[in-house]
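Enquirer: Here is a sequence with its predicted model. Questions after.
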Amino acid sequence: MAQDKKFVEDITPMDVDFAQWYTDIVKKAELVEYTSVKGCLVIRPYAYAIWENIQKILDKRFKELGHENVCMPMFIPESLLNKEKDHVEGFAPEVAWVTHGGNEPLEERLCVRPTSETLFCEHYANIVHSYRDLPKLYNQWVSVVRWEKTTRPFLRTREFLWQEGHTIHATAEEAIKETEQMLNVYADFCEQALAMPVIKGKKTESDKFAGAVSTYAIEALMHDGKALQAGTSHYFGDGFAKAFGINYTDKENKRVFPHQTSWGVTTRLIGAVIMTHGDDSGLALPPAIAPVQVVIVPVAQHKEGVLEKANELYTRLSKLYRVKLDSSDNSPGWKFAEYEMKGVPLRIEIGPRDIENGVCVAVTRHNREKTIVALDELESKVGELLTAVHDGLYAKALANREKHTYRCKTMDEIKERLEKDGDGFVMAMWCGEEECEDKVKEVTGVGSRCIPFEQENISDVCVCCGKKAKHSVCWGKAY
RNA sequence: CGGGGUGUGGCACAGUUUGGUAGUGCGCUUGGUUCGGGACCAAGAGGCCGCUGGUUCAAGUCCAGUCACUCCGACCA
């Protein structure tokens, strides 16, 4: 049976204070620890294991699609950063600078990469000469530094882990296709691995990446009704190629410019998972990325045969799943609460009574439902229950998003809905003018998140100026 | 960057108003009893009171500065 009772007393309930709830989870589930440098956190083993699972799944997918991993340096000379005007304007305000080597001032200061377009461009200029050299489909898993003013664990830190894909193609068509493909890879990953529904769309001109021709993003809605950008994919055209002097000789023996893309996801995804699935008992992790998918809790483990049986279950399940057996001398109740806090998708309880009956008790984290499982069908049942957890998490997240998606025709309506039903996604029409985009934000508080690929006709006119509408736009308050 | 809050054993906090022997709970260690939703008893260990300077016979407490964390805004993955 599902229960609403809260077993963990030291997590601030979400409804009381969502921000505090988030901070509590992040600390109590042992995901991060602060250090003496603002915005630079220790990603603890449990959180890093989540990141490793994210990496494993995505890295495999990237490689299936022909990408290769590389590793660029972490320093960018100022002159290199300055080569593309829009790009440097976008990033200069938040880069960290290295000015000394040992005690000697450097002749040219170096920035710690906030992103690596410039490094990839410098490299591509060196290695791309002929159409035969194209495409190059590169990716790197590294950390980057952006000197943010306010920081929050996973959501905004000064150093963060990510992957950045950088590709270079002979034609615009091919590069655009790559941009779209990778956005789809991210969206599929969010839905299939993170059990998190996302809206795919295009960023408005004012919101696109510094130096890009167009930026695409996936947007997810967190439990508090705020939007979180979960991944981006950019099409650069030949702007960077021109700025960095990358060109090649095509089949007709003409010098031409190639077309580029970049795309990335970050450890912010961990924050997204927390805020999408977590509840007042703690984290709830989707099985695909959970470091521990199944925890086995022996009950009355001092009694004869209990630990032996628990070990037997462990051995059987370890062949198929990531399993942990907790035979510490903490009480069972303590263990139940502990692994719920850590978001372990499935708990198996095994005690003397169960052993007598040839069964064990399985409890799914997201709804605390108990299932009696016959030991001779343990492996298959566990598989089914893990699938059920994934589906349950997804359904819950989707239902929350639907509940907090408001289709509005006027700005007054937007304000009313937000006031009445809380923050959420607002779907409303837009004429395409930046002036209206700004005004909607000013008046209603929600900014443009993206222009969804799946367009819907809410009305014929712009929600702001009343002129003919060009797109439906997804608006929201963002993290 | 603007506005608030907080820094005291590993964690959560009290003590600061009114200066005078550094406390409580949890956790930790050891031993024992427990064990189907955060068990209990007993005995222990553990603190440059964020940092720097000042006032004072005396500073966790008063003053100045500084750093960090955190929350709410603006900006950003």
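Expert: Perfect, I can see it now. Residues are numbered from 1 along each chain as shown, chains lettered A, B, ... in the order given.
Enquirer: which regions of chain A sit below the pLDDT cut-off?
Expert: Scanning chain A for pLDDT under 70 picks out A:1-10.
Enquirer: I'd like the domain boundaries of it, if you could list them.
Expert: Here the domain assignment for chain A is A:18-277, A:294-388, A:405-476, based on automatic domain parsing.
Enquirer: Including mean neighbour count and distance to RNA strand B, could those domains go into JSON lines?
Expert: Every C-beta, even on glycine, is put in place using the N, C-alpha and C of the backbone. Output for the domains of chain A, formatted as JSON lines (neighbours: other CB atoms under 10 Å; distance: least, CB to the nearest atom of the strand, whole Å):
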{"stretch": "domain A:18-277", "mean neighbour count": "19", "distance to RNA strand B": "2"}
{"stretch": "domain A:294-388", "mean neighbour count": "18", "distance to RNA strand B": "2"}
{"stretch": "domain A:405-476", "mean neighbour count": "18", "distance to RNA strand B": "6"}
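Enquirer: got JSON lines for those domains, with distance to residue A:283 too?
Expert: Shown next, in JSON lines, are those (distance: least, CB to CB, whole Å):
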{"stretch": "domain A:18-277", "distance to residue A:283": "5"}
{"stretch": "domain A:294-388", "distance to residue A:283": "3"}
{"stretch": "domain A:405-476", "distance to residue A:283": "22"}
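Enquirer: Tell me which of those domains lies nearest to residue A:397.
Expert: domain A:18-277 (5.1 Å; CB to CB).
Enquirer: how far is the closest one from where the chain is centred?
Expert: 12 Å (CA atoms, centre = their mean, to the nearest Å).
Enquirer: And stretch A:461-478, by the same measure?
Expert: Taking mean C-alpha positions (CA atoms, centre = their mean), stretch A:461-478 and its chain are 26 Å apart.
Enquirer: Can you get me the start-to-end distance on that stretch?
Expert: End-to-end span of stretch A:461-478 (CA to CA, to the nearest Å): 25 Å.
Enquirer: got it, and stretch A:242-256?
Expert: 10 Å.
Enquirer: now do stretch A:66-74
Expert: So stretch A:66-74: terminal residues 25 Å apart, CA to CA.
Enquirer: now stretch A:221-232
Expert: End to end - CA to CA - stretch A:221-232 spans 16 Å.
Enquirer: Who are the contact partners of residue A:222?
Expert: Residues near residue A:222 by CB atoms under 8 Å, 6 or more residues apart in numbering: A:228, A:272, A:275, A:276, A:479.
Enquirer: From the residues you listed, which land in strands?
Expert: Counting by DSSP state E, the part of the contacts of residue A:222 found in strands is residue A:228.
Enquirer: so which two of the contacts of residue A:222 are the farthest from each other?
Expert: A:276 and A:479 (11.8 Å).
Enquirer: Let me have the contacts of residue A:222 in TSV, adding distance to residue A:313 as columns.
Expert: Below are the contacts of residue A:222 laid out as TSV (distance: CB to CB, whole Å):
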residue	distance to residue A:313
A:228	38
A:272	33
A:275	33
A:276	30
A:479	40
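Enquirer: Just to be sure, residue A:381 is in a strand?
Expert: No. Applying DSSP: H, G, I helix; E, B strand; the rest coil, one finds residue A:381 to be helix, outside a strand.
Enquirer: For it, list the residues it contacts.
Expert: A:362, A:371, A:373, A:374 are the contacts of residue A:381 under CB under 8 Å, 6+ apart.
Enquirer: from the residues you listed, which single one is nearest residue A:285?
Expert: residue A:362 (16.3 Å).
Enquirer: I'd assumed residue A:371 was in contact with the closest one.
Expert: Yes. Under the criterion of CB atoms under 8 Å, residue A:362 makes contact with residue A:371 at 4.6 Å.
Enquirer: Give me the common contacts of the two.
Expert: A:381, A:385.
Enquirer: Which of the domains of chain A sits closest to residue A:11?
Expert: domain A:18-277 (4.7 Å).
Enquirer: And that closest one, end to end?
Expert: Start-to-end span of domain A:18-277 (CA to CA) is 13 Å.
Enquirer: cool, stretch A:456-469 as well?
Expert: End to end - CA to CA - stretch A:456-469 spans 12 Å.
Enquirer: element containing the most centrally placed residue in chain A, please.
Expert: In chain A, the residue lying closest to the centroid (CA atoms, centre = their mean) is residue A:269, at 2.3 Å. Here residue A:269, judged by DSSP states H and E, is contained in helix A:268-277.
Enquirer: Can you name every helix or strand that the very next helix or strand once past that helix contacts?
Expert: Using DSSP H and E, the helix or strand that follows helix A:268-277 in sequence is strand A:294-298. If contacts are counted by 3 or more CB pairs under 8 Å, 6 or more residues apart in numbering; DSSP states H and E, strand A:294-298 sits against helix A:306-318, strand A:323-325, helix A:332-341, strand A:346-350.
Enquirer: Take those and lay them out in TSV including distance to residue A:68.
Expert: As requested, those are exported to TSV (distance: least, CB to CB, whole Å):
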stretch	distance to residue A:68
helix A:306-318	33
strand A:323-325	34
helix A:332-341	39
strand A:346-350	36
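Enquirer: Quick one: closest of the ones you listed to residue A:172.
Expert: Of the helices and strands packed on strand A:294-298, nearest to residue A:172 by CB to CB is strand A:346-350, at 47.7 Å.
Enquirer: Pull up the pairing partners for that closest one, direction included.
Expert: strand A:294-298 (parallel), strand A:359-364 (antiparallel) (DSSP bridges).
Enquirer: Pretty sure residue A:423 sits against residue A:225.
Expert: Yes. Counting by CB under 8 Å, residue A:423 touches residue A:225, with 3.1 Å between them.
Enquirer: ok so, going back, redo the strands paired with strand A:346-350 as JSON lines? Include distance to residue A:320.
Expert: JSON lines is the format used below for those (distance: least, CB to CB, whole Å):
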{"stretch": "strand A:294-298", "distance to residue A:320": "9"}
{"stretch": "strand A:359-364", "distance to residue A:320": "14"}
